[in-house]
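Engineer: Just to be clear, the model below is a prediction. Sequence and coordinates:
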Amino acid sequence: MFDLITQLKKKDKESIRILYERYGKKLYGYAITQWKVSEDDAWDLVYKTLYKVIDSIDNYTFKDENRFVGFLFKVFTNYLRNHLRDTKGKQVSTTELLDNLSIPLKEEGSNKEESPLMRCLKKVLEALEDWQRVLLLMKAQDYAYKDIAPYVNRPEKQLKVYNLRLRSTVMDQTNTCVENKGYEAE
């Protein structure tokens, strides 16, 4: 155990690798099975925990490995609680999103128009490639990356990165469109 703490205090790539190999999958499994957190959120919380432990390791001393594991678990549990508190009530069902995407700009016999945000979102999504839309849609429905890979013809190990980048891109382009009133050009 002394060797592990000594290695962690170096705060280099090797120390994060060791910490991940010993405890990363255990923390991930705990978040998925016990806390019912999505895969992406679980991995984000695991990495956040590992980096936090590395950053703060100098502030603590541990008598044995059990005490260190208890500390690691406590940090992870705190991140899980914070995550659940912050996301409580903010989840939107995928069917609601799909229903909104299929609404025409103006319904017959109605004066109700579609919001500028929705028009921009549609515009941004239409500009994506088919595989990108499939990835976003299937991940929004909580499919595992291994199940998505055959549909998008991309390596499973890279799908998480693609998903995070696509979500960020869609959000940024949608916000830019709304700010620039790009939805009026249709």
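Structural biologist: Noted; the coordinates are in hand.

Engineer: Now residue 76: which helix or strand?
Structural biologist: Element membership for residue 76 (DSSP states H and E) is helix 65-87.

Engineer: If you count neighbours, what's buried in that helix?
Structural biologist: 68, 72, 75-77, 79-80, 83 (16 or more other C-beta atoms under 10 Å). Bear in mind the C-beta positions are built from the backbone N, C-alpha and C, glycine included.

Engineer: In these, find the pair that's most separated.
Structural biologist: 68 and 83 (22.8 Å; C-beta to C-beta).

Engineer: contacting residues around the most centrally placed residue in the chain?
Structural biologist: Centroid check for the chain by C-alpha atoms, centre = their mean gives residue 40 as the closest residue, at 4.0 Å. Applying C-beta atoms under 8 Å, 6 or more residues apart in numbering to residue 40 gives the contacts 139, 160, 163-164.

Engineer: now swap in residue 174 and tell me
Structural biologist: Contacts of residue 174 (C-beta under 8 Å, 6+ apart): 117, 120-121, 124.

Engineer: got those residues as JSON lines, with neighbour count columns?
Structural biologist: Putting the contacts of residue 174 into JSON lines (neighbours: other C-beta atoms under 10 Å) gives the following:
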{"residue": "117", "neighbour count": "14"}
{"residue": "120", "neighbour count": "21"}
{"residue": "121", "neighbour count": "22"}
{"residue": "124", "neighbour count": "19"}
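
Engineer: of all those, which comes closest to residue 11?
Structural biologist: residue 124 (39.6 Å).

Engineer: Which element, helix or strand, includes that closest one?
Structural biologist: Residue 124 belongs to helix 116-127, assigned by DSSP H and E.

Engineer: Check which helices and strands that helix sits against.
Structural biologist: For helix 116-127, the elements it packs on are helix 94-101, helix 156-179, judged by 3 or more C-beta pairs under 8 Å, 6 or more residues apart in numbering; DSSP states H and E.

Engineer: What are the buried residues along the last one?
Structural biologist: In other words, helix 156-179. 159, 162-163, 166, 170, 173-174, 177-178.

Engineer: Farthest-apart pair in those residues, please.
Structural biologist: Spatial extent of the buried residues of helix 156-179 (C-beta to C-beta) is set by the pair 159 and 178 at 28.1 Å.

Engineer: any idea of the mean pLDDT in the helix holding residue 76?
Structural biologist: Regarding helix 65-87, the rounded mean pLDDT is 90.

Engineer: and if you look at stretch 118-128?
Structural biologist: 89.

Engineer: Now do the buried residues in that stretch.
Structural biologist: Neighbour counts over stretch 118-128 (16+ other C-beta under 10 Å) mark 118-125, 128 as buried.
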